[in-house]
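Peer 1: predicted model, plus sequence, below.
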Amino acid sequence: MSWFKRNKGFEKIDDLDLSACFDSFNKHWQQTFEIIDRFQTSKSIIKYDDIVAVINHLNQLIKLLLLDVQSAKSTNQSRCLEYFLKNQLLGKLYSWSLKTDRYSNYLKLEQLKVYGVLLSEFRGHQLLSDDSILNPLLLILNSYDGDCLSVEIEKHLVTVLRQFCVVLSHHSNILSNVLKKNIKNSKCIILSLLMAFIHREGSIGEEARDALLIFMSLSRQNDVLANIIISKSNVSPVLATGLSGLYSVLPRKLDFENDCYRLSPENIEDVPELNNFLASVELCNAVAKICHKSVYDQLLDYLYHGFLLPVVGPALMQVAEEEVATATVYLDLLLRSVTHPGLLQTFVKFVLCERFEKVKIIELLINRINNRSFKVCISTLALMETVLDLNCEDVMLELVLKYLVPCTHIMLSQRSRIKQVDSYCKSADIFLSLIPDVFKHRNLDSQTLYSEYRCYLNCARIKISECAIETKHWTYLYDGENPSHTIVEIKTHEVENDQSSILSADDSSSGYESFKPIKDIEKMLGTDDIRPNLTDEMVSNTSSPCGSDSPTCFIRQSTLKTKEQFTHYPCLGPFLEALFSKLENMPEQDFRINLRLTAVITRLSMYNKPLIQSLLLNHSMIFQPCIRSLFQILRSLKQAIESKLNGRMDKIKEAETFLIERENKLSNTQTQSHRSSGGKNPEPFTRGETKRRSLSIAFGAMFRRNTGQKEAVLESTSNGYRYYKENEIESLDLPINAIILTEWLKELSAICQEHAIS
């Protein structure tokens, strides 16, 4: 505290006379006790000068105590400390302070400051193991519960709470003593006080959150404390309602400068409400990581039923286009910010399984891919890219694989070719051949507009490797045989009656521990196609957000169609069909939508699952007549672009210039942001994984849709270009989209090559 820090004369203690120190200590206490005793016996009126005298004596007592303890470390015998504990100085002082009427709060604050010094200086000492120190501290803390406090008191109170939590983390016996004293109480005073500050801005809020995390971490191996947190604290409700409250004050409309409708760190810094909301999300995530299992079960349940269902769900169901787009952006931010597997699973369950107005959220999102509103469409595509980036088996089953497993989308004679490897990279050549002729054999600056092909190879190698690592413990191989397409013969009513899985929206659990063991899936599926030798390593794997302790639940759920539905109606599923439908309109669409759309399809192609590769990357696979393949769509795009761009070299050059300028603006914005942040690069929302950071490889990075960085505002300038020039009849849509298609085909070709050798 300030009065202690100012006293530099006590720092040198080598020549300290311990006897003289104790005599001085004893004298200050006697003078203090005389004042206290005089008012207790005579009941005379307490004057301000008496209060000041007590405070001064108390300050001197603490200084002498610290010096004596520090000097006596070698002998471990401090006469001052022994006297301090034996005479219960702090207890007597607290009892007297309650009788000082209008000065009681002032004296309590001074005692709080004393505890701040004692807890800080005696962190490694068993000081709090003595009831003469611990009991008065608990009494003071309890006296502040529910009071309206000044800023000064709040600051010292939160500091003492944090220091108290640090001491408890170092001394399990003191923690046990505190818990014993708490058994008869209706609440846990430490948590009760801390929860009033965790959503506070500034240093007080930061210190309160630190203290909460320290205290919650103590519950990880302590069942007694975990039970107290669950039954005698409001941690979970406050965290959930805090998120709801902070979400409710977020802007309902966002003015995006980066034209990609995905929040970047720079966007967050510009909006205080987003900063506070994200801090609360990160706190929930941190608590879930470090607390006892029963505590985070409760937390996940409150977050699901107290935040996601009543707040996020209705936000996504709004009608106004800008508000829908903004709610979608916020959901994307949540999924990119959370790292704890259980918490992330809870959000995934909400997206994939919850219904509003009898419509699943995931179905609603898929339908919005073809929404006419630019903002709704691009924000939805950005969200779907984030969802695919989770590398979660349940997600991929719901979106893609459950429609491909029956293999009804390909001719019967082709099923044996699903696992075929394109060793000679013929498909890679085919992709390159689909580049519009106008872009072939042109000398272009690879350091600006176009990335060298090897940059795409490097990027594909990294992404495919990451995806393979995170999906290696999936339950099935998805190679046309495992799981067998006969799995669709499972009776629908058997799975509809199963209420134990993630798809059960009415169950009271959080969803994280509600998955059936793998052996139960085998029994339900009635198939031997599951891979043998499931090891403990697989069970504990958390590289996928749904983890291997989250087995293939969707394939056995009511979302699975009957055999007749699959065999009589070949389809790719609504998600793939929506993407392909959007892709067919590529020449006329806004180029920013095309950047995001191609990013989503590219992300799908990174999966090393034969069913997906055979659909997207195998040029020779023969599909059912009603199935339009990616290669067929690309051929049509090539023809359409060539016919419309014939003899339009001026527009192509203009589009190239625009894209170069756009890239420069991106780079300049990043540089300006770097300077404004004091030279510190803000971290992207990567769930703590450096592997997700964008690769700054020339212009190719843009076409790989690394939009974690702020994009330039597209404005008309004296020497530049904007997306639509004023008073210009014809836009640059077509030539820009032709360039995007060209670069994307190179990227797909590189992915084919890397899959062949991986």
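Peer 2: Now that the structure is in, tell me what you want to look at. Numbers count the residues shown, from 1 in each chain.

Peer 1: right, and Leu595 touches Ile740 too?
Peer 2: Yes - between Leu595 and Ile740 there is a contact under C-beta atoms under 8 Å: 6.4 Å. Heads up, the C-betas are built off the backbone N, CA and C, glycines and all.

Peer 1: show the contacting residues for Ala286.
Peer 2: Leu213 (C-beta atoms under 8 Å, 6 or more residues apart in numbering).

Peer 1: how about the helix or strand hosting it: buried residues?
Peer 2: Secondary structure assignment for Ala286, by DSSP states H and E: helix 272-290. Using 16 or more other C-beta atoms under 10 Å as the test for burial, helix 272-290 gives 274, 276-281, 283-290.

Peer 1: and for stretch 52-69?
Peer 2: Those would be 54-55, 57-69, for stretch 52-69 by 16+ other C-beta under 10 Å.

Peer 1: ok, which pair from these is furthest apart?
Peer 2: For these, with distances taken as C-beta to C-beta, the pair at the greatest spread is Val54 and Val69 (22.3 Å).

Peer 1: per-residue confidence for Ser294?
Peer 2: Predicted confidence (pLDDT) for Ser294: 95.

Peer 1: can you pull the contacts of it?
Peer 2: Neighbours of Ser294 in contact, by C-beta under 8 Å, 6+ apart: Ala226, Asn227, Ile230.

Peer 1: and for His619?
Peer 2: Lys426, Ser427, Ile430, Phe631.

Peer 1: so which helix or strand of this structure has the lowest pLDDT on average?
Peer 2: Least confident helix or strand, the chain: helix 536-539 with a mean of 28, by mean pLDDT, DSSP states H and E.

Peer 1: now do the helices in the stretch 251-400 of the chain.
Peer 2: Using DSSP state H, counting those that start in this stretch, the helices found in the stretch 251-400 of the chain span residues 265-270, 272-290, 293-303, 313-316, 321-337, 341-353, 361-368, 374-388, 393-396.

Peer 1: model confidence over the first one, on average?
Peer 2: Same thing as helix 265-270. Here the average pLDDT along helix 265-270 is 78.

Peer 1: ditto for the fourth one
Peer 2: Computed over helix 313-316, the mean pLDDT rounds to 95.

Peer 1: just for the chain, where's the confidence low?
Peer 2: 1-15, 41-44, 72-76, 124, 256-260, 441-451, 485-568, 666-730 (pLDDT under 70).

Peer 1: grab the nearest non-local neighbour of Glu363.
Peer 2: Nearest residue to Glu363 in three dimensions, chain neighbours excluded: Pro574, at 7.0 Å (C-beta to C-beta, 6 or more residues apart in numbering).

Peer 1: comparing the helices of the stretch 251-400 of the chain, which comes out most buried?
Peer 2: helix 393-396 (a mean of 26; mean count of other C-beta atoms under 10 Å).

Peer 1: with adjacent residues omitted, what lies nearest to Ile228?
Peer 2: Closest to Ile228 by C-beta to C-beta, 6+ apart is Cys188, at 5.3 Å.

Peer 1: how much space between the one you found and Asn26?
Peer 2: With distances taken as C-beta to C-beta, to the nearest Å, Cys188 is found 38 Å from Asn26.

Peer 1: show me which of the contacts of His619 are buried.
Peer 2: Ser427, Ile430, Phe631.

Peer 1: mind putting those residues into JSON lines with secondary structure?
Peer 2: Listed next are the buried ones among the contacts of His619 as JSON lines, based on DSSP: H, G, I helix; E, B strand; the rest coil:
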{"residue": "Ser427", "secondary structure": "helix"}
{"residue": "Ile430", "secondary structure": "helix"}
{"residue": "Phe631", "secondary structure": "helix"}
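
Peer 1: and which of the residues you listed is nearest to Gly342?
Peer 2: Ser427 (39.6 Å).

Peer 1: contact partners for Cys377?
Peer 2: Per C-beta under 8 Å, 6+ apart, neighbours of Cys377: Arg368, Ile369, Asn370, Asn371, Lys582, Ile593.

Peer 1: how many other residues sit next to the last one?
Peer 2: This points to Ile593. 18 (other C-beta atoms under 10 Å).

Peer 1: could you chop the protein up by domain?
Peer 2: 233-385, 391-440+450-483+585-668+729-757 (the TED database).

Peer 1: reformat those domains as JSON lines; add distance to Arg38.
Peer 2: Converted to JSON lines, the domains of the chain look like this (distance: least, C-beta to C-beta, whole Å):
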{"stretch": "domain 233-385", "distance to Arg38": "42"}
{"stretch": "domain 391-440+450-483+585-668+729-757", "distance to Arg38": "72"}
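
Peer 1: adding distance to Val178 and neighbour count, write the contacts of Ser294 out as TSV.
Peer 2: As requested, the contacts of Ser294 are arranged in TSV below (distance: C-beta to C-beta, whole Å; neighbours: other C-beta atoms under 10 Å):
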residue	distance to Val178	neighbour count
Ala226	15	21
Asn227	14	15
Ile230	17	17
